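Engineer: following is a predicted model, sequence given first.
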Amino acid sequence: MSGRFPIAASLVAGVLLAACQSPAAETARADEKVDPRQGEEVRQICFTSMIRNWRELDDDSILVERGVKDVYKLELLGTCQPDDAFLSVGLVQRGGSSCLQRGDNVVTDSRFDGSCVIRRIYKWNDEATPADAGADAGSAK
């Protein structure tokens with residue numbers, strides 16, 4: 001009976017530790033200003049064979065172009081470094097699906113090892129005005 005107590009205590013401590021960390025990370029993420037070009041969150045991007053281009057957006061996200069006019073932001077979590085990728089990124093879907101979704105991997109051809117997991121996917125509107133462009137225009141007057 002005494003062997004069960006340390007296991008139960010460890011389990012409870014792990015759950016409490018995870019519960020304490022999650023809200024702070026989500027609160028910090030919610031406090032960030034959202035780029036006006038970022039659209040609604042989507043569950044997946046289907047027909048990944050139609051993804052024809054990509055570009056880095058910031059330290060933890062890239063933009064992928066599907067077809068002629070569809071652009072999506074992939075919010076990444078992990079150790080890949082899209083800013084160091086030279087020519088390509090790889091999109092690795094789970095389960096042989098033709099759709100890219102949360103939890104799928106992004107790998108780069110960078111000199112650093114690592115891959116990222118797709119945390120979220122958003123529609124992206126290149127024609128919208130970036131948040132910092134409005135501030136620059138106002139200070140130029």
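Structural biologist: Done, it's in.
Engineer: shaky segments in this protein?
Structural biologist: 1-32, 84-88, 110-114, 131-141 (pLDDT under 70).
Engineer: one more time with 80
Structural biologist: Low-confidence regions of the chain, defined here as pLDDT under 80, cover residues 1-32, 81-90, 93-97, 108-114, 131-141.
Engineer: domains of it?
Structural biologist: 1-30, 38-127 (automatic domain parsing).
Engineer: quick one, what contacts the closest residue to residue 83 other than its chain neighbours?
Structural biologist: Once flanking residues are discounted, residue 83 sits nearest to residue 56: 5.3 Å by CB to CB, 6 or more residues apart in numbering. Every C-beta, even on glycine, is put in place using the N, C-alpha and C of the backbone. Residues counted as contacts of residue 56 (CB atoms under 8 Å, 6 or more residues apart in numbering) are 62, 63, 82, 83, 85.
Engineer: how about the secondary structure of residue 129?
Structural biologist: Three-state call for residue 129 (DSSP: H, G, I helix; E, B strand; the rest coil): coil.
Engineer: quick check: closest non-adjacent residue to it.
Structural biologist: Per CB to CB, 6+ apart, closest to residue 129 is residue 36, 6.3 Å.
Engineer: make sure the one you found is actually in contact with residue 130.
Structural biologist: Yes: with contacts counted by CB atoms under 8 Å, residue 36 reaches residue 130, the gap being 7.0 Å.
Engineer: thinking again about what came up before, who does the residue nearest to residue 83 bridge with?
Structural biologist: Beta-bridge partners recorded for residue 56 (DSSP bridges): residue 62.
Engineer: quick check: the gap between it and residue 46.
Structural biologist: 23 Å (CB to CB, to the nearest Å).
Engineer: where along the chain do the helices fall?
Structural biologist: 4-31, 131-139 (DSSP state H).
Engineer: end-to-end on stretch 90-105?
Structural biologist: Terminal residues of stretch 90-105 lie 8 Å apart, using CA to CA, to the nearest Å.
Engineer: alright, calling it a day.
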